[in-house]
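Colleague: build me a model from this:
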Amino acid sequence: MNEILVAVDFSDSSINALEHAVGVAERFESNLLLVWVETKNSLRNLEVKNSTQAHKIVKKKFEDIIEKYKPNIGKQEIEYQLKKGVTYKEIVALSLINDVDLIVTGVHGNHGFRRFFMGDNANHIVAEAKCPVLTIGLHRTTGRALENIVLPIDSTLDTRQKVGIATRFARSFGAQIHILGLYSSGVKSLRMRVESYVNQVDKHLKKVGVKTVIHYSNKNDARTILNYTKKVDANLLITMIETESKTSDIWLGSQGQQLVNQSPVPVMSIANRMLIKSAPGL
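Modeller: The predicted model follows:
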């Protein structure tokens, strides 16, 4: 994991996300690219009236951030860019130009103006990014070690695509993976497929030295996943995403929105590499 992009609007949520990104960069010896996007809202948040004033303030804030966190990541680079446009489009475009391995962004949740500003941007980034996206809520602090990762597995063809990055994070942080097998149907063949996938994942993880726990649920929905995440006191949830096409935009599906906006822990969302045309995979 060489390049991590962090979306920064200088809200408490985005600074919290930045601190998580620094922790990941330390483990993987990654470079950090910090990105601020000029919009009407971002100018208003800085309490300035024009781009010149805003850019001066933003550059000073970024220089202070680099000075603060540079000792944490040693020889790796921390750079920043200022862009202008639609926030999520600029973030996704930069991630492609810079061949980014991970995007980290804050998410405020489901309430009022804050959801409109950062929440919807986070959902759009997750839906449109080609690389994994780590979304982090304001109250998900960096004070705890990454010890437990929840990995939902269902019957869809793409469900195992997230195992690779889950393995890397578990091995790097010394975390245990909770494999959550999700039955979405009573059909025997589909239930057997879930069990086969779970066993394959479990065998792979044990082979590379990752501790595992297996649990099955007869429900395959966001509430089930989030409740299990709370039950095992997890620090990270890793999921595939589903998207919906609306006119010229791509939107995160309803279950993905619930996981991103309501999860009590950071959520890593993985895009389907093979673009398999199947039901939403976890």
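Colleague: how about the strands in the stretch 51-200 of the chain?
Modeller: Counting by DSSP state E, counting those that start in this stretch, the stretch 51-200 of the chain has strands at residues 78-84, 102-107, 133-137, 148-153, 176-182.
Colleague: let me know the pLDDT of the residue in the chain sticking out farthest from the centre.
Modeller: Here the chain reaches farthest from its C-alpha mean at Lys188, the gap being 33.0 Å by Cα atoms, centre = their mean. If you check Lys188, the pLDDT there is 95.
Colleague: what do you get for Ala21?
Modeller: On the pLDDT scale, Ala21 is placed at 96.
Colleague: give me the spatial nearest neighbour of it, chain neighbours excluded.
Modeller: Val104 (4.1 Å; Cβ to Cβ, 6 or more residues apart in numbering). Using the backbone N, CA and C atoms, a C-beta is placed for each residue, glycine as well.
Colleague: and the one you found, how far from His178?
Modeller: Distance of Val104 to His178, computed by Cβ to Cβ, to the nearest Å: 22 Å.
Colleague: compare the two (neighbour count), which wins?
Modeller: Ranked by neighbour count (other Cβ atoms under 10 Å), Val104 and His178 place Val104 first, with 29 against 21.
Colleague: show me what contacts the more buried one?
Modeller: Going by Cβ atoms under 8 Å, 6 or more residues apart in numbering, Val104 touches 4-7, 17-18, 20-21, 24, 133-134, 136.
Colleague: quick one: residues contacting the residue nearest the centre of the chain.
Modeller: Central residue of the chain (Cα atoms, centre = their mean): Leu134, 1.7 Å from the mean position. Applying Cβ under 8 Å, 6+ apart to Leu134 gives the contacts 17, 20-21, 24, 102-105, 266-269.
Colleague: out of these, which are buried?
Modeller: Buried by 16 or more other Cβ atoms under 10 Å: 17, 20-21, 24, 102-105, 266-269, out of these.
Colleague: which one of those residues sits closest to Val201?
Modeller: Met268 (15.8 Å; Cβ to Cβ).
Colleague: can you name the helix or strand that the closest one falls in?
Modeller: According to DSSP states H and E, Met268 maps onto strand 267-270.
Colleague: strand partners (parallel or antiparallel) of that strand?
Modeller: Using DSSP bridges, the strands paired with strand 267-270 are strand 133-137 (antiparallel), strand 236-240 (parallel).
Colleague: that one - what's its average pLDDT?
Modeller: Strand 267-270 shows a mean pLDDT of 94.
Colleague: could you export that strand as PDB, CA atoms only?
Modeller: Listed next in PDB are the C-alpha coordinates belonging to strand 267-270 (Å, rounded to 0.1, in the frame of the first residue of the first chain):
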ATOM      1  CA  VAL A 267     -15.800   0.800   7.200                       C
ATOM      2  CA  MET A 268     -13.500  -0.300   4.400                       C
ATOM      3  CA  SER A 269     -15.500  -0.500   1.200                       C
ATOM      4  CA  ILE A 270     -14.200  -2.500  -1.800                       C
END
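Colleague: list the contacts for Val208?
Modeller: Taking Cβ under 8 Å, 6+ apart, one finds 167, 171 in contact with Val208.
Colleague: one more: Glu147?
Modeller: By Cβ under 8 Å, 6+ apart, the contact list for Glu147 reads 173-176, 235.
Colleague: just the buried ones from these?
Modeller: Among the contacts of Glu147, those scoring as buried are 173, 175-176, 235 (criterion: 16+ other Cβ under 10 Å).
Colleague: tally of neighbours for Ile97?
Modeller: When neighbours are counted by other Cβ under 10 Å, Ile97 registers 9.
Colleague: what's the span of stretch 38-55 from first residue to last?
Modeller: 9 Å (Cα to Cα, to the nearest Å).
Colleague: how far off centre is the strand holding Met268?
Modeller: Taking Cα atoms, centre = their mean, to the nearest Å, the mean C-alpha location of strand 267-270 is offset from the chain mean by 4 Å.
Colleague: what do you get for stretch 57-64?
Modeller: Its chain's average C-alpha position is 25 Å from that of stretch 57-64, according to Cα atoms, centre = their mean.
Colleague: so for that stretch, what's the average pLDDT?
Modeller: Stretch 57-64 comes out at a mean pLDDT of 97.
Colleague: try stretch 28-48
Modeller: 93.
Colleague: got the contact list for the top helix by length along the chain?
Modeller: Longest helix of the chain, by residue count under DSSP state H: helix 51-73. Around helix 51-73, the neighbours that count as contacts under Cβ under 8 Å, 6+ apart are 8, 10, 18, 22, 25-26, 29-30, 32, 34, 36, 38, 42-43, 46, 48, 78, 80, 82, 84.
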